[in-house]
Structures are given as C-alpha cells and as structure tokens.
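**Student:** what would the 3D arrangement of this be:
(one chain, ligands or ions: 2)
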Amino acid sequence: MTNQIILTIDGQQVEAEQGAILLDVARENGIDIPTICFHEATTANALCRICVVEVEGQRVLQPSCIVRAGAGMKVQTRSEKVIRARRTILEMLASTMDLSESTEIQHMMYEYGASSSRFPDAQRRESQVKDDNPMYVRDYSKCLLCWRCVQVCAEDAQYTFAINFDGRGFETQIGTFFDKKIPETSCVLCGQCVAVCPTGALKPKREFLLEQGMSAQEISVLNSGRKKRK
Ligand code: SF4
Ligand code: FES
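**Tutor:** Ligands and ions are numbered 1, 2, ... in the order given. A predicted model of the protein is given here:
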C-alpha cells in the first residue's frame, strides 16, 4: 500500500509518495530544478549543489536530488537565497575549470546571470589531454568532479572499477590506479563513462581527432592500422 502525502512546492500543493525524492516530485509536477552531478543512471551523491532548494524550518539549503519529501513540507525552488546560491556555484565553476564544451552549464550561467569573471584570482584546474587508448580521450581541465563516470564504471553499471577519485582538496581529480594508462587498467572501453560525462572532459577519440583537423578517411586508416597490429 502506498503512503501518499501532501506538500507545497513554490506555493503549489502537490501529492507525492512518502519518501519520494524532492527533485522527482518537483519534476513530475512540472517544476524545473537544475541539476549537474545528478544523472538518472547513477546514484545521487549531492556533490555539485546546483539543485538546492529552500525548505521551511531548515537552516541551510537542501540538495533536492537526495532529500526526501515529507508531509506538510514547504519548499521553495526559486527563492532569492536559492538563486544566489546557484549563481555563486556556477561562478565558482566558471572560475576554476574550462566550461567551453558544457552547453547545459553555459545555459544555466545565462539564466542565473552568473559572471565567469566574479573570482578573477581563482586558481584554474589545468591538465594535459590524456590520449592513451583507441576509444576516448580525457581532458581533466574540463572536469567538474561530478563522479558520474566513476559511478558507471563501478557499482552503478559496469563493475569494472578502472577509475576513481584521486588526491585531496583542490588536487582531487579523477584518475586511474597509480595513474596508469587506460589500456593497463581493468577498463574494457565500454564507453559508458563518456556517455554520462556532462562537460566534454571525456570525449570519443574520433570526435577529438576530427576537432584536431584529421579527416574521416585519415581516421579510418589510423583505425585499420591499429586493428592490423592487434
Ligand atoms: S570526467 Fe566527466 S563524468 Fe567524470 S567526474 Fe569529470 S565531469 Fe564528471
Ligand atoms: S544535482 Fe543535486 S547536488 Fe548536484
């Protein structure tokens, strides 16, 4: 038997199942809440905080991708406090990483009036492109540490555990065990990490080579040479 409850989101009374995730309840009722680290295929970890909402009686903003709906809850998804928090998160991201291929985040920046130059002295994450396998390249200067790739590589899908978090604090990055090249890890080149990456930090090799100016024919020749060498 389901246990239905009533709560209020942005002044609108909505019905939900007790314990449903707030983000899902909002979206089911046509209320849009932005997300970055959240992905339907992965376990939510509330890392980016862009989905925060104001819940009456709570001192701090709550990440709607993990908070559960409760009876009588009063939630605001676009209060001044929420908008200010989202804008600041976006400005911090823009100050520290390369968002040039993060189309969704660029749209959010426009929507929230976020400035990419709010924190001019912020240290940027710089990284060389890692091109060490035939399937995809890794450019961690575009990585926002959403953890989606790690999760699909692990318990959420593939159970391969080829990549994980590495380092601490600002030095934290996604990496392989002992920084090994991808072919030396347990990676099976399934491509699921590339599919869930929201920023272009993980990119199909073919797309990368085309951007580097190689023609489709040159790439085919390169790939056939690689197959022959196997
Ligand atoms: S590489 Fe992409 S999917 Fe992985 S943590 Fe970075 S941004 Fe997220
Ligand atoms: S989408 Fe909820 S914390 Fe990132």
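
**Student:** other SSEs contacting the lengthiest helix in the chain?
**Tutor:** Here the longest helix in the chain is taken by residue count, with DSSP state H as the criterion, and it is helix 80-96. If you count contacts as 3 or more C-beta pairs under 8 Å, 6 or more residues apart in numbering; DSSP states H and E, helix 80-96 packs onto strand 52-55, helix 103-111. C-beta: built from backbone N, CA, C; applies to glycine.

**Student:** which one of these lies closest to ligand 2?
**Tutor:** For these, proximity to ligand 2 was assessed by C-beta to the nearest ligand atom; strand 52-55 is nearest, at 7.4 Å.

**Student:** just checking: what are the partner strands of that closest one?
**Tutor:** strand 62-63 (antiparallel), strand 74-76 (antiparallel) (DSSP bridges).

**Student:** and this structure, which of its residues are near ligand 1?
**Tutor:** Within the chain, the positions lying close to ligand 1 (C-beta under 6 Å from any ligand atom) are 143-149, 174, 196-199, 201-202.

**Student:** narrow those residues to those in strands?
**Tutor:** Secondary structure assignment by DSSP state E places 174, 202 of the residues of the chain next to ligand 1 in strands.

**Student:** in stretch 147-161, which residues are buried?
**Tutor:** By 16 or more other C-beta atoms under 10 Å, the buried positions in stretch 147-161 come out as 147-154, 156-158, 160.

**Student:** again, but for stretch 84-99
**Tutor:** Neighbour count says stretch 84-99 has 85-87, 89-91, 93-99 buried, by 16+ other C-beta under 10 Å.

**Student:** one more: stretch 215-224?
**Tutor:** Burial within stretch 215-224, assessed by neighbour count using 16+ other C-beta under 10 Å, is assigned to I219.

**Student:** what's in contact with that stretch?
**Tutor:** Here stretch 215-224 makes contact (C-beta atoms under 8 Å, 6 or more residues apart in numbering) with 134, 206, 209-210, 214.

**Student:** can you rerun that using 10 Å?
**Tutor:** The set of residues external to stretch 215-224 that reach it, using C-beta atoms under 10 Å, 6 or more residues apart in numbering, is 134, 205-206, 208-210, 212, 214.

**Student:** centre-most residue in this structure?
**Tutor:** Central residue check for the chain by C-alpha atoms, centre = their mean: the C-alpha nearest the mean position is that of C37, 3.4 Å away.

**Student:** what strand or helix carries that residue?
**Tutor:** Assessed by DSSP states H and E, C37 sits outside every helix and strand.

**Student:** how about the residues of the protein near ligand 2?
**Tutor:** 35-38, 46-51, 63, 65.

**Student:** ok, of those, which come out buried?
**Tutor:** Using 16+ other C-beta under 10 Å as the burial test, these include 35-38, 47-51, 63, 65 as buried.

**Student:** columns pLDDT on top of those, output as a markdown table?
**Tutor:** Supplementary listing: these in a markdown table, determined by pLDDT from 0 to 100:
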| residue | pLDDT |
| --- | --- |
| T35 | 97 |
| I36 | 97 |
| C37 | 96 |
| F38 | 96 |
| L47 | 93 |
| C48 | 95 |
| R49 | 97 |
| I50 | 98 |
| C51 | 98 |
| P63 | 98 |
| C65 | 97 |
